[in-house]
Each structure stands twice: as C-alpha cells, then as structure tokens.
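[1] Following is a predicted model, sequence given first.
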Amino acid sequence: MPAKPRIGKLVVIGVGLIGGSFALALKKAKMVKQVVGVGRSRKNLKDALRLGVIDLVETDAAKAVADADLVLIGAPVGQMPGIFARIAPALSPHTVVTDAGSTKQDVIAAARRHLGAHFPMFVPAHPIAGTEHSGAAAAFPDLFRDRNLILLPQQETKASALRLVKSAWQACGSNIVKLDATEHDEIFGAVSHLPHVIAFALVHQLGKRRDAKRLLGFSGGGLRDTVRIAGSSPEMWRDICTANREALVPLVDGTIAELEAARDALAAGDGETLEAMFRSARETRSRWLIKNKK
C-alpha cells in the first residue's frame, strides 16, 4: 500500500514557472495528493490544468485555501500584501503558508501585518532557480534540483510549519540554506536584481536606436548571453526592484561609477586601464566559476 502523501491539498497562488515547477516536483516525488491553482489569467490556468501542473482551478483565493495543508504564493511580490489579506480569514489553523518571493523584508512585513494570528504558520522562502521564461507552460519538475532554497524563519515561526516547508523543498531536490531577511535582500540585490536591471537597461537602450532592427540583426552570442534575463517577466521584476530599492540604488550607483571609469579610459585611449579592469573582472569570474564547480 503506497504511503499517504504528506500534503493532502496544495494550493498554488500564481501558477507560473516557480509555482508550477514546485507543484510538478512534489507530484513527481509523490508528496502531494491534490494541487489547486489560483491565478489572474484564465488561459494560463487552463494551460496548467491541461499540462497536469494542477488538478483543479479556483479563481477565488479565499475559497481555494479552505482546508489546505500548504499554500505557496508564487505571485509577484507586489501582489502579496493583497493576497495575504484576502486569504487570512479563510485559513484553517493547520494550514501552512509560504512564498517564493525574491525580496524578503517587504514580504515578511506584509505577512505579519495581514496574516495576524496566523503569522506563526508562515514560512518565508526563496528558491534560487529560474529561467527567462514564464507561465505554467515553462514549468518543469527538476527546476529546483541541486539548487539553493533560502528559508527565513522568524522568531514566531512554528517548528511544525518550518518542518513541512523544509521537507517539501527537499523533496523538490533543493539544498536548504537559512538567511536573515536584511542579509538576503542585500545579497540578492547584488547578484540577481542588479544584473536584471542592467540587462533590461541595455536592451532598452539598444531598442531606442533608429537602427535597432538592423543593429540587432547582426548581434551574436555575446549580446544574447549578456541580455538573456531581459526576457523575464517585466511585472515581476518591476515589483522586485522597487521592493528592494534601498539595497539596489547604491548598487546601481556603483555600476554607473564603473561605466564612467571605463568611458573615461576609452575617451583617453587608456588601454592599460581598460585591460586592468577587464583582467580583474575575468579573474573574479574564473574564481567564482571554479568555486561553483566544487
């Protein structure tokens, strides 16, 4: 007789790449019995149902979470305060709530404010995985395998809630890491949010040129590699960047300073300074890649 799933009812609010992949990974691990999908796009939900990402569609988030064992909020972080407020009155005492947001201080503050007495059953999380694609059709079960999953339990977080969320992500193949929310936002502002701003800004700049179509027609792998992540969801990254602006603005300023230094060297024909900058960057990249291979 097969073991009873640890999660009888999983509700995914925001059935995109992350939420959909989470559902598929848990299905593959036989850890969930039923997945209910909630979202704004009927087409995306229909795709999720057709592809077997979810088992049931529900348009009302409050109705969906009734008697759920686990709720994953995979919507953009700007939508999370409203979602927390909507579902709070309908949550059962045993229901664990978690999120997959790329910023944490704002999400935790919103959960504390809107979930009220249910806040101890909330486990903040951030899977460090993704692609430039979005929507349920982009989801796949191995997205999180061997990737880090950041957990940020609060002082009030119940041990039972933390155990469930941790075991769910481990079933997805994730490596669990714990961080403080402020440290998290500073780190990912530098290594994730800033690169997206740069990629979007570069493509935006090129796209405004009169000869953009002809110019981009001659582009090769260098540009594609540099701006791959500019294919990500503009809405999601708008919310992430504005939510983490306190950490992100100084990082953008630092990048502008680096570009100004490169521009000055170019204007002066100072190849020695440019080479030193490029060499230092290449060495940093090499050390990073070597470390990640271990």
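    Everything's here; your move.

[2] mind listing the strands for the stretch 51-200 of the chain?
    Counting by DSSP state E, counting those that start in this stretch, the segments of the stretch 51-200 of the chain that form strands are 56-57, 70-73, 96-99, 122-123, 125-127, 148-151, 175-178.

[3] Gly269 is nearest to which of those?
    Nearest of the strands of the stretch 51-200 of the chain to Gly269, taken as C-beta to C-beta: strand 148-151 at 43.8 Å. Yep, even glycine has a C-beta here, placed from its N, CA and C like the rest.

[4] related to what we said a few turns ago, switch the strands of the stretch 51-200 of the chain over to JSON lines; also include mean neighbour count, distance to Ala247 and mean pLDDT.
    Output for the strands of the stretch 51-200 of the chain, formatted as JSON lines (neighbours: other C-beta atoms under 10 Å; distance: least, C-beta to C-beta, whole Å; pLDDT from 0 to 100):
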{"stretch": "strand 56-57", "mean neighbour count": "15", "distance to Ala247": "37", "mean pLDDT": "95"}
{"stretch": "strand 70-73", "mean neighbour count": "26", "distance to Ala247": "22", "mean pLDDT": "98"}
{"stretch": "strand 96-99", "mean neighbour count": "26", "distance to Ala247": "19", "mean pLDDT": "98"}
{"stretch": "strand 122-123", "mean neighbour count": "27", "distance to Ala247": "23", "mean pLDDT": "98"}
{"stretch": "strand 125-127", "mean neighbour count": "23", "distance to Ala247": "14", "mean pLDDT": "97"}
{"stretch": "strand 148-151", "mean neighbour count": "20", "distance to Ala247": "15", "mean pLDDT": "97"}
{"stretch": "strand 175-178", "mean neighbour count": "13", "distance to Ala247": "19", "mean pLDDT": "97"}
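
[5] Quick one: these as a markdown table, columns for distance to Ala90 too.
    Formatted as a markdown table, these follow (distance: least, C-beta to C-beta, whole Å):
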| stretch | distance to Ala90 |
| --- | --- |
| strand 56-57 | 16 |
| strand 70-73 | 10 |
| strand 96-99 | 11 |
| strand 122-123 | 15 |
| strand 125-127 | 21 |
| strand 148-151 | 25 |
| strand 175-178 | 29 |
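
[6] and the residue nearest to the spatial centre of the chain, what pLDDT?
    Centroid-nearest residue in the chain, with C-alpha atoms, centre = their mean: Ser102, separated by 4.5 Å. Looking at Ser102, its pLDDT is 95.

[7] for Leu179, same thing?
    With respect to pLDDT, Leu179 has a value of 96.

[8] Check the contact between it and Leu152; I expect there is one.
    Yes - taking contacts as C-beta atoms under 8 Å, Leu179 lies within contact range of Leu152: 6.0 Å.

[9] If you count surrounding residues, which of these two has more?
    Leu152 (21 against 18; other C-beta atoms under 10 Å).
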